[in-house]
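K.L.:
3D, please:
(one chain, ligands or ions: 2)
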Amino acid sequence: MQIDSREQNIEQIITADWLIPMNQANHWLEHHAIVITGNKITDILHRDQAIDKYPQAPITTLNGQVLMPGFVNSHCHAAMNLLRGLSDDLPLKEWLEQAIWPVEAQFVDDTFVYQGTQHAIAEMIRSGTTCFQDMYFMPNQIAKAAQESGIRANIGLVVVEFETSWAKNAQECIDKGLDVFDQFKHSNTINFNFAPHAPYTVSKNTLEKLGTLSNELNLTLQIHVHETANEVESFVAEHGIRPLARLKEIGLLSPLLNAVHMTQLNEGEIEWLAESACHVIHCPQSNMKLASGVCPTIHLIEAGVNLAIGTDGAASNNDLDMIDETRSASLLAKLDYLNPTALTAYQSLYAATMGGAKAMGLQEKIGSLEVGKAADIIAIDLNRIETQPVYNPISQIVYAASRDQVTNVWVNGKQLLKDRELSTLNSPLILQHAQNWRHKIINR
Ligand SMILES: CSC[C@H]1O[C@@H](n2cnc3c(O)ncnc32)[C@H](O)[C@@H]1O
Ligand SMILES: [Zn+2]
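P.N.:
Ligands and ions are numbered 1, 2, ... in the order given. Here you go, the predicted model:
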């Protein structure tokens, strides 16, 4: 019988050549060790001291590797993994209205969401994501898949006005969402937030209700907003006000708001976001692929807004690779500002770890490697032709490494990836399910 060291609170040591705690800019430690007791980090010290201080603890030594906090993917639609590559090279409106929504209307059900989410979780764990914030139908199935896999999740209680296979209207979305929240309220790794899809799909009245609920329950609220210029223009034409101004009018601009995309922002709006301590979730690859626009990351950071990074769904990205997303974030900012110092490797890595933790209100628990935080840790092997020599491990991860260099992943002290093998998910079955869905969807 395997002993679960987490239940028995047994100490274990993980040591590697580099450790990036993400608690101080451009800082890393060499030949250090992390001590995990149960599900928490209980010590970080030099490898030699660790061996002396904890002589009984089993040691995992990862030569040529770097330890860092797991990536926090702050916006995704996990189950859309099953729609990857179904429709590409279109602008957002056409892509959603002509390609994606009709297929979702026909195929999304409990099994689709459960199996699609498992697929996405497998991809995320294999690429070093230890926590994801999701927005999709059937949050009960998302929670089940996440709980079984061991990954940490902040699951959106999705709200739209139109009828879907999840709910017949916005009120039913809220009622059913709150039941799911209740079912998982004792979980250590599953959290929830409100996820009204966008100001153009959710009414003012519903957004007001959600604002009240999110304040009462202290739950964050994620929403697509100002994703494209076209979205802003049509909203103004219909309502006479810009979408962000509508959210402000309703009182939604607060530290609980996760504003996703934000490619269209004027100076005044950046000021509103800063003064109300909102969080912006930047999805650079989805924004580039749909040619939606560019989020003004540097203006936001300089104004004091917390920036997090998300992949968005695999149908618009087309992967859930946070290493690649940090690289895109940095490169896009440099090009956008015509300034090579814009969004440094450390700034992108921060947004992809601590930035996400703060956006979800989980900054005391995850996002950095510090004593007292949950043991959400990843190891990346830099001992490859592609990432040698190592002058600066932060630079190597953001500008040179690829996701297949992620070797080991722990969430809440439990190992979910061991030498690149998934320990809680059945990869052949996940692949089989993806092929079954492709068959059904292609023959529609
Ligand atoms: C209501 S569940 C989520 C809903 O969002 C759709 N979606 C996926 N990507 C985007 C995006 O970039 N902008 C707006 N909406 C998006 C997805 O297809 C689901 O219907
Ligand atoms: Zn999205």
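K.L.:
When you work out contacts or count neighbours from here on, use the C-alpha atoms and nothing else.
P.N.:
Fine.
K.L.:
for ligand 1, what are the nearby residues on the stretch 251-400 of the chain?
P.N.:
residue 313 (CA under 6 Å from any ligand atom).
K.L.:
Looking at the stretch 51-200 of the chain, what residue ends up closest to ligand 1?
P.N.:
Going by CA to the nearest ligand atom, ligand 1 is nearest to residue 136 of the stretch 51-200 of the chain, at 3.8 Å.
K.L.:
Spatially nearest residue to that residue (excluding sequence neighbours)?
P.N.:
Sequence neighbours aside, residue 77 is the residue nearest to residue 136 in space, at 5.6 Å (criterion: CA to CA, 6 or more residues apart in numbering).
K.L.:
pretty sure that neighbour contacts residue 137?
P.N.:
No: contact criterion CA atoms under 8 Å: residue 77 and residue 137 do not qualify, at 9.1 Å.
K.L.:
thinking again about what came up before, would the residue of the stretch 51-200 of the chain closest to ligand 1 count as being in a strand?
P.N.:
No: counting by DSSP: H, G, I helix; E, B strand; the rest coil, residue 136 falls outside a strand, being coil.
K.L.:
Report the contact partners of it.
P.N.:
77-79, 156-158 (CA atoms under 8 Å, 6 or more residues apart in numbering).
K.L.:
Ligand 1 next: which of the residues you listed are close?
P.N.:
Checking the contacts of residue 136 against ligand 1 (CA under 6 Å from any ligand atom), the matches are residue 158.
K.L.:
Could you confirm residue 64 falls within a strand?
P.N.:
Yes: assessed with three-state DSSP, residue 64 lies in a strand.
K.L.:
What degree of burial does residue 31 show, as a neighbour count?
P.N.:
17 (other CA atoms under 10 Å).
K.L.:
contacting residues for it?
P.N.:
With CA under 8 Å, 6+ apart, residue 31 has these contacts: 15-19, 46-47.
K.L.:
Test for you: state the pLDDT assigned to the most centrally placed residue in the chain.
P.N.:
Note on the chain: the residue nearest the mean C-alpha position is residue 73, at 1.5 Å, using CA atoms, centre = their mean. For residue 73, the model assigns a pLDDT of 99.
K.L.:
Phi and psi next, for the residue of the stretch 51-200 of the chain closest to ligand 1.
P.N.:
When quoted as degrees, to the nearest 10, the phi and psi of residue 136 stand at phi -160, psi 170.
K.L.:
Wait, a strand at the residue nearest to the centre of the chain?
P.N.:
Yes: with three-state DSSP as the criterion, residue 73 is assigned to a strand.
K.L.:
Which stretches in the stretch 201-350 of the chain count as helices?
P.N.:
Using DSSP state H, counting those that start in this stretch, the helices assigned to the stretch 201-350 of the chain run over residues 204-217, 229-239, 243-250, 267-275, 284-289, 297-303, 322-336, 345-350.
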